[in-house]
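Peer 1: Build me a model:
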Amino acid sequence: MQLAAGAGGEIDSAHAPILHSRIDSKGAINKWLATRDLRPTFECIRQDFGMSIAAKRQLDEHTNYWRVNQFMLPFYSLVPPQSKFPELSGHAWVPMDDNHTICLMFSYHPAEPLPAKMREVFEHGHNGRESAHASQDSFVKRDATVPYADYWTKYTRDNGFMFDYQSQVESWFSGLPGLWVQDGACQSGTSPIFDRTKEHLSSSDTGIAMTRRTLLEAAGAYRDRGAKPNGVENPDAFMVRAVSLTLPKTASWIEFGRPHMAATLGAGFGYQL
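Peer 2: Have a look, this model is predicted:
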């Protein structure tokens, strides 16, 4: 279940305003949201492609903000866009062996090129920190006999993911050097294979628990009947988008979001971010 450990962080909207936050006054992304509602309510539904995990936060007495992450079997996860950085992103969590998963990151705008500044930050980081993508400086070269020799990161459990105590005291909640490093440290920092009977899950882990169950059922179906996930032989199953929706309290995220969660090549978001 190493795969589930990686994807779990990306389908959990509750962790972001905490793990990725600043403790100084320079944070801007979703600051208004984090200060209003740090306890989202989750609703999860099974889909032909896997799982939709919706997190609801209350904006005011009349309005809710929904972030709907997607998990697509066998190993894709999609993250909702933000108004300040309107792109779609996600990962493929591909098992390498029993203890390692290679994480393939992607970001794109559905109808136009990514801004040059965004591409620069993805490729080179920002002020020595990592973004949502592994920068060119984040890899260490391994011998060609090592599988995936070009794609091993320098941020590891052995070096504490390059934790910086002074940074934690002055600027960043985690003290870790960038977005994906913070996620990676939490996802793999416990052990290569963790005894999940020792976990203490809460209501905010609903999406994670249901996605794990979906993975186990899919693995069992393949073992017992040779049944494959829908997307293996039906690529149209992957025509899915994660969404961010601001809706009246009485509106259904499922009904309003259905057309926007269906991807169409070349089409924009189709709603106000």
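Peer 1: Please list all residues in contact with the residue nearest to Lys154 when sequence neighbours are not counted.
Peer 2: Spatially, and ignoring its direct neighbours in sequence, Lys154 is nearest to Val140 (4.7 Å; C-beta to C-beta, 6 or more residues apart in numbering). (Glycine included, C-beta is placed from N, CA and C.) When contacts are counted by C-beta atoms under 8 Å, 6 or more residues apart in numbering, Val140 is found next to 152-154.
Peer 1: mind checking how far Val140 is from His124?
Peer 2: 17 Å (C-beta to C-beta, to the nearest Å).
Peer 1: cool, Met96 as well?
Peer 2: 26 Å.
Peer 1: Same question for Ile53.
Peer 2: Applying C-beta to C-beta to Ile53 and His124 gives a distance of 32 Å.
Peer 1: neighbour-wise, which of the two wins?
Peer 2: Set Ile53 next to His124 and count neighbours by other C-beta atoms under 10 Å: Ile53 wins out with 25 against 14.
Peer 1: any idea of the pLDDT on the residue nearest to Lys154?
Peer 2: What the model reports as pLDDT for Val140 is 93.
Peer 1: now do the one 10 residues further on
Peer 2: If you check Asp150, the pLDDT there is 89.
Peer 1: Can you check my assumption that Thr206 lies in a helix?
Peer 2: Yes. With DSSP: H, G, I helix; E, B strand; the rest coil as the criterion, Thr206 is located in a helix.
Peer 1: hang on, isn't it packed against Ile45?
Peer 2: No. Look at Thr206 against Ile45 with C-beta atoms under 8 Å: they stay out of range, at 11.2 Å.
Peer 1: Can you tell me how far Pro95 is from Leu245?
Peer 2: 33 Å.
Peer 1: With neighbour numbers in mind, choose between the two.
Peer 2: A direct count of neighbours by other C-beta under 10 Å for Pro95 and Leu245 places Leu245 higher, at 21 against 15.
Peer 1: And for the residue nearest to the more buried one when sequence neighbours are not counted, the neighbour number?
Peer 2: Among residues not flanking Leu245 along the chain, Trp66 sits closest, at 4.3 Å (C-beta to C-beta, 6+ apart). Number of residues near Trp66 (other C-beta under 10 Å) recorded here: 24.
Peer 1: check contacts around Trp66.
Peer 2: 54-57, 243-247, 253, 257.
Peer 1: where's it, which helix or strand?
Peer 2: Here Trp66 sits within strand 63-72, counting by DSSP states H and E.
Peer 1: Could you check how far that strand is from the centre of its chain?
Peer 2: Relative to the chain's own centre, strand 63-72 is displaced by 12 Å; criterion: C-alpha atoms, centre = their mean, to the nearest Å.
Peer 1: For Arg225, give its distance to Phe256.
Peer 2: Counting by C-beta to C-beta - Arg225 and Phe256 are separated by 36 Å.
Peer 1: which one of those two has more residues nearby?
Peer 2: Phe256 (16 against 8).
Peer 1: pretty sure that one is in a helix, no?
Peer 2: Yes. Counting by three-state DSSP, Phe256 is part of a helix.
Peer 1: i'd like the first residue to be 164 from this point on
Peer 2: Happy to do that; since the first residue is 164 now, the last one works out to Phe419.
Peer 1: So it is in contact with Leu408, correct?
Peer 2: Yes. Judged on C-beta under 8 Å, Phe419 makes contact with Leu408 at a distance of 6.3 Å.
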